[in-house]
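> A structural model of the following input is requested.
(chains A and B)
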Amino acid sequence: MPKVISNERISRDFWVMRVAQPNEARMGQFCMLRSWDRYPLLSRPVSVFDADPGTLSFLYKVIGEGTALLSRCREGDAVTTGRVLGNTFPLVSGRIAMVGGGVGIAPLYLAAKTLKAHDPATTVDLYLGFSDEALLVEEYAAVGDRTTVKVGGFITDAIDPEGYDCVLTCGPEIMMRVLYEKCRASGTKLYASLEKRMACGFGVCLACSCGTTAGRRKVCTDGPVFPAEEVF
Amino acid sequence: MGPAVDFAGVTMKNPVVLASGTCGFGRELQGYFDLSRLGGIASKGLTLNERKGNEGIRAWETPSGLMNSIGLENPGVRGFIEKELDWINGHDVANIVNLGGHSIEDYLEGIALLNDVELDLLELNISCPNVKQGGMNFGIRTDTARDVVRTLRGICRHKLVVKLSPNAEDVVALARACEEEGADGLSLTNTYLGMAIDIERRRPVFDNVYAGLSGPAIRPISLRMVHQVAHAVKIPVMGIGGIATWRDAVEFIMAGATAVQIGAATFVKPDLALDVIDGIAAFLDAQGISDIAEIRGIV
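Residues are numbered from 1 along each chain as shown, chains lettered A, B, ... in the order given. Presented below is the predicted three-dimensional model:
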């Protein structure tokens, strides 16, 4: 089983866990994590925050019993990551904005790194919104070109999608819906990473099924990333 | 011999079946293990017409359990026949097609369509708690279930397994009624009607208020019902309810089940059924048992 390399508390409720795990994880994907044996019953879907071929990192918020157990892991503890699941953000280039809210900032870190590595001419402006305390601002600033942070209020007030070739987002649904309306008004393409309750993560339970313009889709296997116009 | 079983005339290489609603039509699992190792696959519950399923929260974890209110999202019988049937039949597993309905007419039309295709067992779902009309309502009262099975048995050309609800007023009487009306086998239990409340929002978690509970939390109660029913009928029984290890499966077999279905546990470990299959085989070997029937119903 994969072993925990580090599990660091970065704020009152947020943690970053690094796990030794050979992988080919790409931006936007997630794992079904568990650090316990049989109870709680289900594993927890957690976005990949960062990855290299030998390690996976997860930024997670302690919300309930499962994430509380994850937060108690120490270096060397065994965890189960399962397979890296889900689709990815598109490999877009040009002038890119990324808008994250709360724990929704998690997949944007690897996304920013990936797009910059893919095309050094690409610019990535990061917009990070938090309800009470900013997280990892320096780390995000290091992978983007310009970082805008908002604590309290609405991060969507801080962005004008006009002039961006593409916007990627992850966070509360209401935030993404507002952003979608702004992007639609400016004609800017928006991709949204959705968060839904999942029991399995690999497409059989249908707990995360959502309506799209292309019919019912599973957030776990058809997503979590969707063109915003298909889901909002 | 060994772990192989005969269920109502259908030979299965082992008694382990993936339960309806927890394995799709098997496609999503093929990347995790060789599906042909299974005894059988019970399809996602079908309805005559395509269904989108329920809105709102669809899954909610409970102590050792899982509540769901998926609401039979499925491609409909025709969609299944067109897109999934050949694929399932292409694997060496018992193909168990689960059929639900909102009315007798739905069931009749669905069965008529399925009469023309190849499958091993038709699992009649009269026990889904997550649809507003039909579903579990057919499987609560013995006289209603009797009428349904009698009507459908009359036109169904396949072996008919009736999936029973633990919410039945008298599950043993209901099981006997199904047997008397010509059911070839029984499977039990479906999920238990439950409820969860979001105390911050002061409202039920599920749009339908009530939902179905599964997982290890229900196992002792399902085991008891399987024990009662298997000892009361002559037709074979598939035991379902929170099976998560081979030991759980052996308990159900000793209680009288000819086969077992793995449900929510697949969500946690996609290839868990293989652990159960291998564990049963190792147990039989260790006990010097040449035919699993030797331990069936011994308790």
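> Rounded mean pLDDT for the helix ranked longest in chain B, please.
In chain B, assigned by DSSP state H, the helix with the most residues is helix B:272-287. For helix B:272-287, the mean pLDDT works out to 97.
> packing partners for that helix?
With contacts defined as 3 or more CB pairs under 8 Å, 6 or more residues apart in numbering or on different chains; DSSP states H and E, helix B:272-287 has these neighbours: strand B:16-18, helix B:246-254, strand B:259-262, helix B:265-268. The C-beta positions use only the backbone N, C-alpha and C, and glycine is treated the same way.
> relative orientation of that helix and helix B:246-254 in degrees?
Interaxial angle, helix B:272-287 versus helix B:246-254 (axes from the mean of the first three to the mean of the last three CA atoms, to 10 degrees): 70 degrees.
> Tell me where chain B has helices.
Ranges of helices within chain B are B:76-83, B:85-89, B:104-115, B:142-155, B:171-180, B:219-230, B:246-254, B:265-268, B:272-287, based on DSSP H.
> Domain-wise, how is chain A divided?
A:4-71, A:95-192 (automatic domain parsing).
> Looking at the ones you listed, which is nearest to A:C200?
A:C200 sits nearest to domain A:4-71 of all those, at 7.6 Å, using CB to CB.
> quick one: the closest one near chain B?
Yes - Domain A:4-71 lies within reach of chain B by CB under 8 Å from any CB of the partner chain, at A:R34, A:R38, A:Y39, A:P40, A:L41, A:L42, A:S43.
> Rounded mean pLDDT for that domain, please.
Average pLDDT, domain A:4-71: 97.
> got it, and stretch B:237-255?
98.
> Nearest the middle, which residue of chain A would you pick?
Closest to where the C-alpha atoms of chain A average out (CA atoms, centre = their mean) is A:P107, at 2.8 Å.
> Next, that residue: phi, psi?
Backbone torsions for A:P107, taken as degrees, to the nearest 10, come to phi -70, psi -10.
> distance of the residue lying closest to it once chain neighbours are set aside from chain B?
Excluding the flanking residues, the one nearest A:P107 by CB to CB, 6 or more residues apart in numbering or on different chains is A:S47, at 4.4 Å. From A:S47 across to chain B, the span is 19 Å (CB to the nearest CB, to the nearest Å).
> Show me which parts of the host helix or strand of A:S47 are buried, residue by residue.
Assigned by DSSP states H and E, A:S47 belongs to strand A:44-52. Within strand A:44-52, the residues scored as buried using 16 or more other CB atoms under 10 Å in any protein chain shown are A:R44, A:P45, A:V46, A:S47, A:V48, A:F49, A:D50, A:A51.
> Closest one of the residues you listed to B:S36?
Nearest member of the buried residues of strand A:44-52 to B:S36, counting by CB to CB, is A:P45, at 29.6 Å.
> partners of that closest one in the sheet?
Counting by DSSP bridges, A:P45 is bridged to A:M32.
> residues in contact with it?
A:F30, A:C31, A:M32, A:L33, A:L85, A:M198, A:G201, A:C220 (CB atoms under 8 Å, 6 or more residues apart in numbering or on different chains).
> Dump the residues you listed to JSON lines, plus distance to A:V149 and neighbour count.
Shown next, in JSON lines, are those (distance: CB to CB, whole Å; neighbours: other CB atoms under 10 Å in any protein chain shown):
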{"residue": "A:F30", "distance to A:V149": "24", "neighbour count": "26"}
{"residue": "A:C31", "distance to A:V149": "27", "neighbour count": "27"}
{"residue": "A:M32", "distance to A:V149": "30", "neighbour count": "25"}
{"residue": "A:L33", "distance to A:V149": "27", "neighbour count": "25"}
{"residue": "A:L85", "distance to A:V149": "30", "neighbour count": "21"}
{"residue": "A:M198", "distance to A:V149": "29", "neighbour count": "26"}
{"residue": "A:G201", "distance to A:V149": "31", "neighbour count": "28"}
{"residue": "A:C220", "distance to A:V149": "30", "neighbour count": "28"}
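> which pair in these spans the largest distance?
Spanning the widest gap among the contacts of A:P45 are A:L33 and A:C220, at 13.9 Å by CB to CB.
> quick revisit: neighbouring strands of the helix or strand that the strand holding A:S47 is followed by in the sheet, and parallel or not?
Using DSSP H and E, the helix or strand that follows strand A:44-52 towards the C-terminus is strand A:55-61. Paired with strand A:55-61 in the same sheet, following DSSP bridges, are strand A:14-20 (antiparallel), strand A:44-52 (antiparallel).
> mind checking which helix or strand the residue lying farthest from the centre of chain A is in?
Within chain A, the residue lying farthest from the chain centre (CA atoms, centre = their mean) is A:R38, at 26.5 Å. Assessed by DSSP H and E, A:R38 sits outside every helix and strand.
> Kindly report the same for A:G203.
Per DSSP H and E, there is no helix or strand for A:G203.
> got the helices of chain B as JSON lines, with distance to A:G66 columns?
Formatted as JSON lines, those follow (distance: least, CB to CB, whole Å):
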{"stretch": "helix B:76-83", "distance to A:G66": "34"}
{"stretch": "helix B:85-89", "distance to A:G66": "34"}
{"stretch": "helix B:104-115", "distance to A:G66": "39"}
{"stretch": "helix B:142-155", "distance to A:G66": "39"}
{"stretch": "helix B:171-180", "distance to A:G66": "34"}
{"stretch": "helix B:219-230", "distance to A:G66": "21"}
{"stretch": "helix B:246-254", "distance to A:G66": "22"}
{"stretch": "helix B:265-268", "distance to A:G66": "12"}
{"stretch": "helix B:272-287", "distance to A:G66": "19"}
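> what's the most buried one of these?
Burial of the helices of chain B is given as mean neighbour count (mean count of other CB atoms under 10 Å in any protein chain shown); helix B:265-268 ranks first at a mean of 24.
> so how far is that one off the chain centroid?
In terms of CA atoms, centre = their mean, to the nearest Å, the centre of helix B:265-268 is set 15 Å apart from its chain centre.
> ditto for stretch A:132-147
Taking mean C-alpha positions (CA atoms, centre = their mean), stretch A:132-147 and its chain are 14 Å apart.
> Kindly report the same for stretch B:55-63.
20 Å.
> got a list of contacts for that stretch?
Everything outside stretch B:55-63 that qualifies as a contact, by CB under 8 Å, 6+ apart, is A:39-42, A:197-199, A:205-209, B:66-71, B:194, B:196, B:205-207, B:211, B:213, B:215, B:217.
> Touching, B:I140 and B:P166? I think so.
No - the pair B:I140 and B:P166 fails to qualify as a contact (CB atoms under 8 Å) at a distance of 10.6 Å.
> neighbour-wise, which of the two wins?
Applying other CB atoms under 10 Å in any protein chain shown to B:I140 and B:P166 shows that B:P166 carries more neighbours, namely 24 against 19.
> Check the gap between the more buried one and A:L59 for me.
41 Å (CB to CB, to the nearest Å).
> ok, now B:P15?
The value you get for B:P15 to A:L59, if CB to CB is used, is 44 Å.
> same deal with A:D13?
Counting by CB to CB - A:D13 and A:L59 are separated by 11 Å.
> picking up where we left off before, show the contacting residues for the residue nearest to A:P107.
By CB under 8 Å, 6+ apart, the contact set of A:S47 is A:G28, A:Q29, A:F30, A:F58, A:L59, A:V103, A:A106, A:P107, A:C170, A:S193.
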